[in-house]
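Peer 1: take this sequence and fold it.
(2 chains)
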2 protein chains.
Amino acid sequence: MKLIGYFRSSAAFRVRIALNLKGISVEHASRHLRKGEHTAPDYVAINPQKLVPALVLDSGQVLTQSLAILEYLEEIHPAPPLLPRDPVDRARVRSLALIPTADIHPIQNLRVMNYLREKYEQTEEGAFAWSRHWVETGFDAYEASVAKDPKTGAFSHGDQPTMADLCLVPQIFNAGRFKVDMTRYPTIRRIYDSCMKHPAFDAAQPAKQPDAES
Amino acid sequence: MKLIGYFRSSAAFRVRIALNLKGISVEHASRHLRKGEHTAPDYVAINPQKLVPALVLDSGQVLTQSLAILEYLEEIHPAPPLLPRDPVDRARVRSLALIPTADIHPIQNLRVMNYLREKYEQTEEGAFAWSRHWVETGFDAYEASVAKDPKTGAFSHGDQPTMADLCLVPQIFNAGRFKVDMTRYPTIRRIYDSCMKHPAFDAAQPAKQPDAES
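Peer 2: Modelled structure (predicted):
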């Protein structure tokens, strides 16, 4: 298998953590998003959605959308699990995973920030203020969802990493770039600390990828 | 079970279709989003994410995020299936479902449009132009993903409705409100026509809900 990603892509970061946790070794390739390499014809032929990541299977079939890839990896390689067993608990984990995946990241990603600069003449700081607002709105929701729930453990759900943590951690890296005040989110910070002590998360972080830039 | 939704919410619409398809009867309740009823303390106590829908189980447990609810319904009530059997096909359906769910709807929903009006002094038409842009970006991706793929049938995947269609159809209703030119998307339109002939989709549409307004 080959994962086509980008060091700073939150969505690719989620998949890198999953591969590390499950001990699945893949070839890595990169498309430079700021240079627009994800819109080049040879990539669009692979992924007409023009987004990273894409997971190219040995059969040549291509999987897209990070959450769909995480569910696929869980189905073909169930150990260690990224989802609990009980259907209600699985729904809790998936709901948490969707806060960054649907309600935060798509609103603050590169193409939206570029659009704000071009159409609304926003400066870099203006675009950052936009992103900060939506990260905070989403983290308010995440914090409120995990803070008092007895199902929250060292990680977002219990004491082992789940799909929720895989989606949360990359969003925290973005939050740092946008200068979000993380002191508002003590439970998220505690979960983040648990995750970053785990080698699967640490090795997946943007700065440790071969295509990393400062 | 009780579904707390809103007639015009795309996310609640997805869940209504799933319940209809699977023949699951639930009590329906509504929170008026334009009146801000989803941020009232009694609702925040149920769903701290301050979004609809929420599915309240008979046990009192609350499920949130429409895709997590769809996956739950699929797990506890697998027939008729919303996902195919093969893991690669399941990934295809989930990836398609995520185009409206993650890449379109969160960028064009009510709270983002309100923010554009307040912070960037956008008129109603300005906010609509924003939403139209992101619907078109997402529909370009969806159309490109389904148009030439032999796995596309009468529906997005084969000849039975899947999770992908449940997420696509509500987005097409929103596209109509934003005056998106749908002639650009012949495959999406064909799938939409298949869906709307199906009573489960038809009965779930906004105008047919008890809380509908013109």
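Peer 1: for the residue sitting furthest away from the middle of chain A, what are phi and psi?
Peer 2: Most distant residue from the mean C-alpha position of chain A: A:E121, 28.1 Å away (Cα atoms, centre = their mean). A:E121 adopts backbone torsions of phi 50, psi 40, taken as degrees, to the nearest 10.
Peer 1: for chain A, which helix extends over the most residues?
Peer 2: Taking DSSP state H as the criterion, chain A has its longest helix at helix A:124-146.
Peer 1: now the helix or strand following it: buried residues?
Peer 2: Sequence order places helix A:163-177 as the next helix or strand after helix A:124-146, per DSSP states H and E. Buried residues in helix A:163-177, counted by 16 or more other Cβ atoms under 10 Å in any protein chain shown: A:M163, A:A164, A:D165, A:L166, A:C167, A:L168, A:V169, A:P170, A:Q171, A:I172, A:N174, A:A175. Placement of C-beta: from N, CA and C, glycine included.
Peer 1: circling back: for the longest helix of chain A, buried residues please.
Peer 2: For helix A:124-146, by 16+ other Cβ under 10 Å, it's A:126-128, A:130-146.
Peer 1: how much does that helix deviate in direction from helix A:163-177?
Peer 2: 150 degrees (axes from the mean of the first three to the mean of the last three Cα atoms, to 10 degrees).
Peer 1: give me the mean pLDDT for helix A:124-146.
Peer 2: Averaged over helix A:124-146, pLDDT sits at 96.
Peer 1: cool, and stretch A:104-120?
Peer 2: 94.
Peer 1: how far out from the middle of the chain is it?
Peer 2: The chain centroid and the centroid of stretch A:104-120 are separated by 17 Å under Cα atoms, centre = their mean, to the nearest Å.
Peer 1: contact partners of that stretch?
Peer 2: Applying Cβ atoms under 8 Å, 6 or more residues apart in numbering or on different chains, the contact partners of stretch A:104-120 are A:10-11, A:33-34, A:122-124, A:126-127, A:130-131, A:134-135, A:137-139, A:170-171, A:174, A:178, B:102-103, B:106-107, B:112, B:120, B:133, B:137.
Peer 1: if we go to 7 Å?
Peer 2: The contact list for stretch A:104-120 (Cβ atoms under 7 Å, 6 or more residues apart in numbering or on different chains) reads A:10, A:33, A:122, A:126-127, A:130-131, A:134-135, A:138, A:171, A:174, B:102-103, B:106-107, B:112, B:120.
Peer 1: quick one, strands of chain A?
Peer 2: For chain A, the strands defined by DSSP state E occupy A:2-5, A:27-30, A:54-56, A:62-64.
Peer 1: for A:Y185, grab the count of nearby residues.
Peer 2: Number of residues near A:Y185 (other Cβ atoms under 10 Å in any protein chain shown) recorded here: 22.
Peer 1: list the contacts for it?
Peer 2: By Cβ under 7 Å, 6+ apart, A:Y185 lies in contact with A:F139, A:E143.
Peer 1: the strands of chain A into a markdown table, with extra columns for mean pLDDT and distance to B:S66?
Peer 2: A markdown table is the format used below for those (pLDDT from 0 to 100; distance: least, Cβ to Cβ, whole Å):
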| stretch | mean pLDDT | distance to B:S66 |
| --- | --- | --- |
| strand A:2-5 | 98 | 27 |
| strand A:27-30 | 96 | 33 |
| strand A:54-56 | 98 | 24 |
| strand A:62-64 | 98 | 20 |
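Peer 1: among these, which comes closest to chain B?
Peer 2: Nearest of the strands of chain A to chain B, taken as Cβ to the nearest Cβ: strand A:62-64 at 4.6 Å.
Peer 1: note down every partner strand of that closest one and its orientation.
Peer 2: strand A:54-56 (antiparallel) (DSSP bridges).
Peer 1: just how off-centre is the strand it pairs with within its chain?
Peer 2: Centroid separation for strand A:54-56 versus its chain: 16 Å, with Cα atoms, centre = their mean.
Peer 1: mind checking how far A:P87 is from chain B?
Peer 2: As judged by Cβ to the nearest Cβ, to the nearest Å, A:P87 and chain B stand 5 Å apart.
Peer 1: outline the domain layout of chain A.
Peer 2: A:2-80, A:87-202 (automatic domain parsing).
Peer 1: quick check: end-to-end length of the shortest one?
Peer 2: Right, domain A:2-80. 21 Å (Cα to Cα, to the nearest Å).
Peer 1: ok, how many other residues are close to the closest residue to A:R189 other than its chain neighbours?
Peer 2: Leaving aside its chain neighbours, A:R189 sits nearest to A:M182 (5.7 Å; criterion: Cβ to Cβ, 6 or more residues apart in numbering or on different chains). Counted with other Cβ under 10 Å, the neighbours of A:M182 add up to 15.
Peer 1: which bits of chain A sit near chain B?
Peer 2: Applying Cβ under 7 Å from any Cβ of the partner chain, we find that chain A lies next to chain B at A:48-50, A:61, A:63-65, A:67-69, A:71-72, A:75-76, A:87-88, A:90-91, A:94-95, A:98-99, A:101-103, A:106-107, A:112, A:120, A:141, A:144-145.
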